[in-house]
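Q: With the sequence up front, the predicted model follows.
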Amino acid sequence: MISDYFKLALRNLRKRRLRSWLTMIGIIISIATIFFLISLSLGLQGAVEEQFRLLGTDKFFIQPRGQLAGPGTGGATQFISQDFDLVKKIAGVKEATYWTASPSKVELKDQVRYVTTVGIDLETSDLFMETGAYKAEEGRVLKKGDEGSVMIGSQYKHNNLFKKPVTAGDVLVINDKEFQVRGILKPIGNPGDDRLIYMSLEDFRPLFNITKRIDTIVVQVNNEEQLLEIAERVEKKLRTSRGLTEKTQDFYILTPDQLLESFGVILNIITAFLIGVAAISLLVGGIGIANTMYTSVLERTKEIGVMKSVGAKNSDITLIFLIESGLLGLVGGIIGIVLGIGIGQIVEYIAINRLGTTLLQVSTPFWLIISCLLFAFLAGAASGTLPALRAAKINPTEALRYE
């Protein structure tokens with residue numbers, strides 16, 4: 001019986017093909033938008049979790065509050081070498097490193113670019129490289145004794161920051177001083193990180209006249225299961241050393257879990273907002289389906305009378321119209337999902353090849369496809385509920401006389 005209802009619904013949709021397509025536009029747009037946003041959110045979350053996996057769960061970061069726009073911009077609060085030395089001596093700390101950053105002028109022949117240069121401690125460069133999962137694509141990473149050299153992000157080679165790609169061995173002029181490119185890093189996925197320049201702190205401090213400031217301290221612990229306990233210990237020791245209380249604390253500590261949680265909250269807020277906007281299209285699509293089904297009820301009043309006169313129950317009439325409106329939503333959902341996948345692939349291609357980031361990825365798990373199809377069908381059926389109930393209430397005698 002149900003199969004007959006579906007056949008009847010499909011026949012009626014084919015008969016009104018143009019109207020059906022126009023009705024489905026709102027559903028197609030809304031499902032495509034919702035599917036794309038959720039798949040992008042899942043892909044982005046997966047990419048970020050992979051970055052944290054590479055970072056490891058045995059490290060945390062310490063940064064001073066009040067930096068104007070992140071590390072390298074300075075502020076009222078600063079760390080100095082004494083703070084770093086204190087952190088290294090705290091029980092449970094296996095290793096620590098730090099870096100300082102500053103805007104810089106970079107020249108290659110007659111071309112000038114303004115980028116951020118990072119000074120790193122070559123004594124602890126292994127931990128620094130591990131922290132960012134840095135690997136050389138060309139040449140090699142900086143090591144102890146590499147004063148007078150720099151390593152640069154992948155965009156200098158692949159994204160034409162200068163007129164021609166920079167290669168290992170080239171000479172860059174940074175703040176009017178020459179440095180040889182020792183290595184070019186593999187893409188990290190973040191355009192900002194992929195255009196950074198790295199040099200030893202021995203070169204960095206006199207070049208930028210930053211004698212003491214430390215922007216970020218990275219701490220690696222002996223036992224990752226005690227990371228939170230050690231982080232709290234470091235926090236208390238630094239407060240005492242700097243003469244601070246919990247209320248006046250001028251620095252903060254970020255663990256991998258905190259970073260991931262903060263990112264997840266921001267991502268969920270943005271995704272929820274965008275899906276809310278997409279839901280407006282779904283509402284418009286639902287109104288379109290309801291309008292089409294009301295029109296269909298009027299056009300098929302006599303047909304409904306005939307079905308009732310030969311024994312069709314009110315529940316049968318209701319079910320036929322619900323299936324028909326549900327199929328409108330389902331077909332619109334199928335097209336919307338295909339469209340959403342296509343949009344996702346285009347965005348991913350542009351992100352990788354134009355923007356130089358691998359963070360904008362899409363993920364299309366099977367459960368997401370099934371959920372969107374089921375949601376589209378139910379949304380269509382819900383939109384056709386009132387017209388279906390109206391059709392079921394039609395008096396068969398009056399319906400047979402309807403012209």
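A: Nice, I can see it.
Q: Closest to the centroid, which residue in this structure?
A: Closest to where the C-alpha atoms of the chain average out (C-alpha atoms, centre = their mean) is L44, at 3.4 Å.
Q: Let's see the pLDDT reported for that residue.
A: Note on L44: pLDDT of 77.
Q: Regarding it, what is its secondary structure?
A: Under DSSP: H, G, I helix; E, B strand; the rest coil, L44 falls in the helix class.
Q: so it makes contact with L267?
A: Yes. Counting by C-beta atoms under 8 Å, L44 touches L267, with 6.5 Å between them. For the C-beta atoms, the positions are set from N, CA and C on the backbone; glycine is no exception.
Q: Do you know the pLDDT at E403?
A: pLDDT, E403: 50.
Q: Show me the strands in the stretch 301-403 of the chain, by range?
A: Assigned strands in the stretch 301-403 of the chain: none (criterion: DSSP state E, counting those that start in this stretch).
Q: correction: the chain
A: In the chain, the segments counted as strands under DSSP state E are 59-64, 93-108, 111-120, 136-139, 149-152, 171-174, 177-185, 197-200, 216-221, 251-254.
Q: what distance separates the start and the end of stretch 186-206?
A: Using C-alpha to C-alpha, to the nearest Å, one end of stretch 186-206 lies 28 Å from the other.
Q: what are the ranges of the helices in the chain?
A: With helices called from DSSP state H, the chain shows them at 2-15, 17-55, 81-89, 125-131, 155-158, 201-208, 227-241, 256-299, 301-309, 314-353, 366-383, 385-392, 396-401.
Q: Give me the mean pLDDT for the fourth one.
A: Which is helix 125-131. Here the average pLDDT along helix 125-131 is 86.
Q: Quick one: list the elements packing against that helix.
A: Judged by 3 or more C-beta pairs under 8 Å, 6 or more residues apart in numbering; DSSP states H and E, the packing partners of helix 125-131 are strand 93-108, strand 216-221.
Q: C-alpha coordinates for stretch 324-343, CSV please?
A: Extracted C-alpha coordinates of stretch 324-343, given in CSV (Å, rounded to 0.1, in the frame of the first residue of the first chain):
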residue,chain,number,x,y,z
GLU,A,324,4.2,14.0,-1.8
SER,A,325,5.4,17.0,0.2
GLY,A,326,8.1,14.9,1.8
LEU,A,327,9.4,13.8,-1.6
LEU,A,328,9.7,17.4,-2.6
GLY,A,329,11.9,18.0,0.4
LEU,A,330,13.9,14.8,-0.2
VAL,A,331,14.7,15.5,-3.9
GLY,A,332,15.6,19.1,-2.9
GLY,A,333,17.8,17.6,-0.1
ILE,A,334,19.6,15.3,-2.6
ILE,A,335,20.3,18.1,-5.0
GLY,A,336,21.3,20.4,-2.1
ILE,A,337,23.8,17.8,-0.7
VAL,A,338,25.4,17.4,-4.2
LEU,A,339,25.6,21.2,-4.5
GLY,A,340,27.0,21.5,-0.9
ILE,A,341,29.7,18.9,-1.7
GLY,A,342,30.6,20.8,-4.9
ILE,A,343,30.9,24.1,-3.1
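Q: mind listing what's buried in that stretch?
A: Neighbour-count burial for stretch 324-343 flags 324-337, 339-341, 343 (criterion: 16 or more other C-beta atoms under 10 Å).
Q: distance between it and the chain's centre?
A: On the basis of C-alpha atoms, centre = their mean, to the nearest Å, stretch 324-343 sits 24 Å off its chain's mean C-alpha point.
Q: Likewise for stretch 243-258?
A: Distance of stretch 243-258 from its chain centroid, counting by C-alpha atoms, centre = their mean, is 27 Å.
Q: sorry, back to before: looking at the helices of the chain, which one is packed in the most?
A: The highest mean neighbour count among the helices of the chain, using mean count of other C-beta atoms under 10 Å, belongs to helix 155-158: a mean of 22.
Q: and that one, C-alpha only, in PDB?
A: This file holds the C-alpha atoms of helix 155-158, laid out as PDB (Å, rounded to 0.1, in the frame of the first residue of the first chain):
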ATOM      1  CA  GLN A 155      54.900  31.200   0.900                       C
ATOM      2  CA  TYR A 156      58.200  32.600  -0.200                       C
ATOM      3  CA  LYS A 157      58.700  29.700  -2.400                       C
ATOM      4  CA  HIS A 158      55.100  28.800  -3.500                       C
END
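Q: I'd like the average pLDDT over stretch 23-34.
A: Averaging pLDDT along stretch 23-34 gives 82.
Q: go on, stretch 228-238?
A: Across stretch 228-238, pLDDT averages out at 90.
Q: Ok, stretch 82-101 next?
A: Mean pLDDT, stretch 82-101: 90.
Q: Ends of that stretch, what's the gap?
A: First-to-last residue span, stretch 82-101, C-alpha to C-alpha: 19 Å.
Q: Okay then, goodbye and thanks.
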